[in-house]
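K.L.:
model this:
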Amino acid sequence: VRRAIPMDLGPGEIVALLGSNGAGKTTFNQTVSGLLPARAGTIRFGDRDITRAHYRDIVAQGLIHVPEGRRIFPNLTVLENLELGSFARARERRAANLERVFATFPRLKERTTQLAGTMSGGEQQMLAIGRGLMGEPRLLILDEPSLGLSPLLVEELFGLIRQLHGQGLAILLVEQNVAQSLEIAQRACVMENGAIQFAGTGTELMASDRLRRAYLGV
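P.N.:
Residues are numbered from 1 along each chain as shown. Below is the predicted model:
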């Protein structure tokens with residue numbers, strides 16, 4: 001990341017990162033997750049500096065990224081995909097976490113032996129999030145989770161995010177679905193050209209006519 005991006009996220013908080021295509025959101029996520037090297041600044045997770053940490057070490061600390069496009073393993077079963085989510089963290093509690101995921105996503109329990117690539121887009125998104133939950137995240141980054149979903153499934157997805165937040169999970173929600181993101185986030189940041197241009201509560205962002213027109217498209 002070439003520019004400083006001041007952002008903080010507290011335990012149990014939802015922060016929405018908003019911006020148009022090409023604003024730098026995915027690059028930011030990949031840098032925080034250790035998939036891309038940070039070119040400047042410091043990234044801290046809890047009391048640890050993870051700026052130069054390997055992505056496996058970052059996952060092991062509980063920072064888990066559900067990437068844009070789901071990135072499931074299409075030729076593996078639902079169960080195999082979920083089990084891979086506990087490869088680097090919480091392996092000893094795999095069975096208990098699997099039951100928690102099935103309680104959150106009953107449809108996945110019905111499809112444990114189905115190849116993931118044969119599922120619908122909404123089911124694949126459930127699987128991607130469920131795989132992330134298998135690692136007992138302290139912070140879950142959701143990168144464009146509603147992309148390509150029908151309006152009905154988008155409603156279901158945001159209901160799920162509310163449910164996870166109600167369980168105390170900290171979430172960085174990276175979305176182009178502005179209105180619904182601002183409804184559930186405690187705070188939001190708007191990114192443009194790789195830098196944060198505005199930040200505040202959802203109410204504050206939606207109250208600014210200039211901000212809505214120029215950055216949020218609403």
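
K.L.:
and the host helix or strand of Phe102, which residues are buried?
P.N.:
For Phe102, the element it lies in under DSSP states H and E is helix 94-104. Using 16 or more other Cβ atoms under 10 Å as the test for burial, helix 94-104 gives Arg94, Asn97, Leu98, Val101, Phe102, Thr104. For glycine as for every other residue, the C-beta is placed from the backbone atoms N, C-alpha and C.

K.L.:
any chance you could map the strands in the protein?
P.N.:
14-18, 44-45, 48-49, 63-66, 139-143, 170-175, 187-192, 195-200 (DSSP state E).

K.L.:
Pull the distance from the last one to the chain's centre.
P.N.:
By that I understand strand 195-200. Offset of strand 195-200 from its chain centre (Cα atoms, centre = their mean, to the nearest Å): 19 Å.

K.L.:
Quick check: mean pLDDT of that strand?
P.N.:
When the per-residue pLDDT values of strand 195-200 are averaged, the result is 86.

K.L.:
just the angle between it and strand 187-192, please?
P.N.:
150 degrees (axes from the mean of the first three to the mean of the last three Cα atoms, to 10 degrees).

K.L.:
Relative to strand 195-200, what are the paired strands and their orientations?
P.N.:
strand 187-192 (antiparallel) (DSSP bridges).

K.L.:
For the partner strand, which outside residues touch it?
P.N.:
The set of residues external to strand 187-192 that reach it, using Cβ atoms under 8 Å, 6 or more residues apart in numbering, is 5, 7, 13, 15-20, 23-25, 28, 181-182, 196-202, 205, 211, 215-216.

K.L.:
Equivalent analysis for stretch 93-110, please.
P.N.:
Residues from elsewhere that reach stretch 93-110 (Cβ under 8 Å, 6+ apart): 78, 82-83, 86, 90, 123, 126-127, 129-130, 133-134, 136, 160, 163-164.

K.L.:
Verify the contact between Ala185 and Thr203 for me.
P.N.:
No: with contact defined as Cβ atoms under 8 Å, Ala185 does not reach Thr203; the gap is 10.6 Å.

K.L.:
Settle it for me: which of those two has more neighbours?
P.N.:
Neighbours per residue (other Cβ atoms under 10 Å) separate Ala185 from Thr203, with Ala185 holding more: 24 against 9.

K.L.:
what separates that one from Gly159, distance-wise?
P.N.:
The gap separating Ala185 from Gly159 is 15 Å, by Cβ to Cβ, to the nearest Å.

K.L.:
where does this structure have low pLDDT?
P.N.:
Across the chain, the stretches falling below the confidence threshold (pLDDT under 70) are 1-6, 214-218.
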